[in-house]
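Peer 1: Build me a model from this:
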Amino acid sequence: MSFLSSHAPIVDHGLDLDRFRDEDASSLAALFRTIYGNEYPSPEVYDPDFLIQANRKGTTCSYICRDGTGRVVAHLALVRSAPFDGAMEVAQGLVHPAYRGTGLLSRLMELVIAEAARSHQCATLFATAVCNHVMSQRSLAGAGFSDSAFEIDYTPSRLFAKERASRGRVATVFAFRSLKPAPELPTYLPQAYAAVITGMFQETGTQRRFLHPRPGLPLPDTSVTEVTDVPTLDVTKITVACAGRDLADRVQQVESRARSNGRAVVQVLLDMSTPTVDAAVESLRAAGFWFGGVLPRYLNADAFLMQKTLSTPNFDEVKADSSAAKDLLQVVQADWFRANVSVMVTAPRDSARPVTRSP
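Peer 2: From the prediction side, this is the model:
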């Protein structure tokens, strides 16, 4: 059943801001192609039938802006993409080049947030903003989102080739906005990053019941993990529900496959409601992974992100806008340096360039 509700369109200077209708599908698919060519990482958005069915089912809630001819010139959606049904992604923000700078995305953001706030199911919103410019970050900040993680080199440069907007892989910043507070949500703190994590939550005014894992906690023999390969982004993800003594071997095997398959990034998401998170972090640090940040309530529990780029990360083009984002990026870069003392820099940024660690 859809979580959406209907409302009358907003008409402003010949532009209609409205819920998606079936007849908008072809024009919306054309807008994706105008901006991304054929490189959008979810190719189904080019299929009008998919857009219609996703909106009918409620897995996507699209808001669009039509010009005077009925053409879709802007779009923003609520998407069910997280493991936790109560976490909704604000995604697929598109504005036709001829309408940029007109505030359309901010208007659509107001509609999307209002829709989410009316839903009893939605506890938190999240979004990722590309970091080759700051416009998306400013739009999210203006809508009350707080930055909590950086996904370095998450997006391949080919997505931006049509507009020549990046020379290398592009980072994203993860931002969230809580709709239903969860002050009693248990969150175990990995010792190596406890101060950073608690500081981030305090900065955003997000309350949690912080717990410290017991030293020497015995681990189960077998980890509980799920691996997701995303070839359209050249990324492999590992979600760890519970770390076991075999975690290092499991991660090494996944990383080896990722390298063989030409992936550029391996991400690990750790469930912070389990006391094994500290042991998992130490295992990952020993394997060359570094700090990404926190994805609040992404798993219903908070998720701690650690990451490894399989080539030299493109820090040069990362643009952080807010003071919180700048501070967070400094932590990310410092922890990358801890994990990677010497780096080979002979290959182009977007190709596989191995990172070697000093003994």
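Peer 1: where do the helices sit along the stretch 251-359 of the chain?
Peer 2: Under the criterion DSSP state H, counting those that start in this stretch, helices of the stretch 251-359 of the chain are mapped to 277-286, 323-339.
Peer 1: what about stretch 188-197, start to end distance?
Peer 2: 10 Å (C-alpha to C-alpha, to the nearest Å).
Peer 1: Buried residues of that stretch, list them for me.
Peer 2: Under the neighbour-count criterion of 16 or more other C-beta atoms under 10 Å, stretch 188-197 has 188-190, 193, 196-197 buried. Bear in mind the C-beta positions are built from the backbone N, C-alpha and C, glycine included.
Peer 1: give the contact list for the nearest residue to T232 once chain neighbours are set aside.
Peer 2: Closest residue to T232 apart from its sequence neighbours, by C-beta to C-beta, 6 or more residues apart in numbering: P41 at 3.9 Å. Taking C-beta atoms under 8 Å, 6 or more residues apart in numbering, we find P41 in contact with 155, 159, 230, 232-233.
Peer 1: try R285
Peer 2: Applying C-beta under 8 Å, 6+ apart, the residues near R285 are 192, 306, 339.
Peer 1: separation between it and A248?
Peer 2: 11 Å (C-beta to C-beta, to the nearest Å).
Peer 1: check which helix or strand covers T69.
Peer 2: Using DSSP states H and E, T69 maps to neither a helix nor a strand.
Peer 1: Then the one 4 residues further on?
Peer 2: In this assignment (DSSP H and E), V73 forms part of strand 72-79.
Peer 1: Taking strand 72-79 as reference, get the angle to the following helix or strand past that strand.
Peer 2: Downstream of strand 72-79, the next assigned helix or strand under DSSP H and E is strand 87-95. Going by axes from the mean of the first three to the mean of the last three C-alpha atoms, to 10 degrees, strand 87-95 is angled at 170 degrees with respect to strand 72-79.
Peer 1: Show me what strand 87-95 is packed up against.
Peer 2: helix 25-36, strand 72-79, helix 104-118, strand 124-130, helix 135-142 (3 or more C-beta pairs under 8 Å, 6 or more residues apart in numbering; DSSP states H and E).
Peer 1: Mind putting the ones you listed into TSV with mean neighbour count?
Peer 2: Shown next, in TSV, are the helices and strands packed on strand 87-95 (neighbours: other C-beta atoms under 10 Å):
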stretch	mean neighbour count
helix 25-36	18
strand 72-79	24
helix 104-118	19
strand 124-130	23
helix 135-142	19
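Peer 1: closest one to P218 among the ones you listed?
Peer 2: strand 124-130 (32.8 Å; C-beta to C-beta).
Peer 1: So what are the sheet partners of the closest one and their directions?
Peer 2: Applying DSSP bridges to the sheet, strand 124-130 is found paired with strand 87-95 (parallel), strand 170-178 (antiparallel).
Peer 1: quick one: that strand to chain centroid distance?
Peer 2: For strand 124-130, the distance from its own C-alpha centre to the chain's C-alpha centre is 6 Å (C-alpha atoms, centre = their mean, to the nearest Å).
Peer 1: same thing with stretch 33-46?
Peer 2: Distance, centroid of stretch 33-46 to centroid of chain: 18 Å (C-alpha atoms, centre = their mean).
Peer 1: Quick one: end-to-end length of that stretch, please.
Peer 2: End-to-end distance of stretch 33-46 (C-alpha to C-alpha): 7 Å.
Peer 1: quick revisit: so can I have a markdown table of the strands paired with strand 124-130 showing mean neighbour count and distance to K326?
Peer 2: As requested, the strands paired with strand 124-130 are arranged in a markdown table below (neighbours: other C-beta atoms under 10 Å; distance: least, C-beta to C-beta, whole Å):
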| stretch | mean neighbour count | distance to K326 |
| --- | --- | --- |
| strand 87-95 | 21 | 22 |
| strand 170-178 | 24 | 11 |
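Peer 1: Bridging across strands, which residues link to the nearest residue to T128 once chain neighbours are set aside?
Peer 2: Excluding the flanking residues, the one nearest T128 by C-beta to C-beta, 6+ apart is T172, at 4.1 Å. Under DSSP bridges, the beta-bridge partners of T172 are V130, E151.
Peer 1: Hmm, F150 and T172 touching each other?
Peer 2: Yes - counting by C-beta atoms under 8 Å, T172 touches F150, with 7.4 Å between them.
Peer 1: what's the domain layout of the chain?
Peer 2: With domains defined by automatic domain parsing, the chain comprises 10-178, 186-356.
Peer 1: Please name the residues that touch the residue lying closest to T198 once chain neighbours are set aside.
Peer 2: In this structure, T198 finds its nearest non-sequential neighbour in F210, 6.3 Å apart by C-beta to C-beta, 6+ apart. Taking C-beta under 8 Å, 6+ apart as the criterion, F210 is in contact with 187-189, 198.
Peer 1: ok, and what's touching stretch 322-339?
Peer 2: Counting by C-beta under 8 Å, 6+ apart, 137, 141, 146-150, 152, 173, 196, 200, 203-204, 285, 288-293, 308, 313, 315, 318, 320, 357 sit against stretch 322-339.
Peer 1: and those, which are buried?
Peer 2: 137, 141, 146-150, 152, 173, 196, 200, 204, 285, 288-293, 308, 313, 315, 318, 320.
Peer 1: Which of the residues you listed fall in strands?
Peer 2: Residues of the buried ones among the contacts of stretch 322-339 located in strands (DSSP state E): 146-150, 152, 173, 290-293, 308.
Peer 1: nearest to D278, of the helices and strands packed on strand 87-95?
Peer 2: strand 124-130 (24.2 Å).
Peer 1: if we can go back for a sec, columns mean pLDDT on top of the domains of the chain, output as CSV?
Peer 2: Formatted as CSV, the domains of the chain follow (pLDDT from 0 to 100):
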stretch, mean pLDDT
domain 10-178, 92
domain 186-356, 92
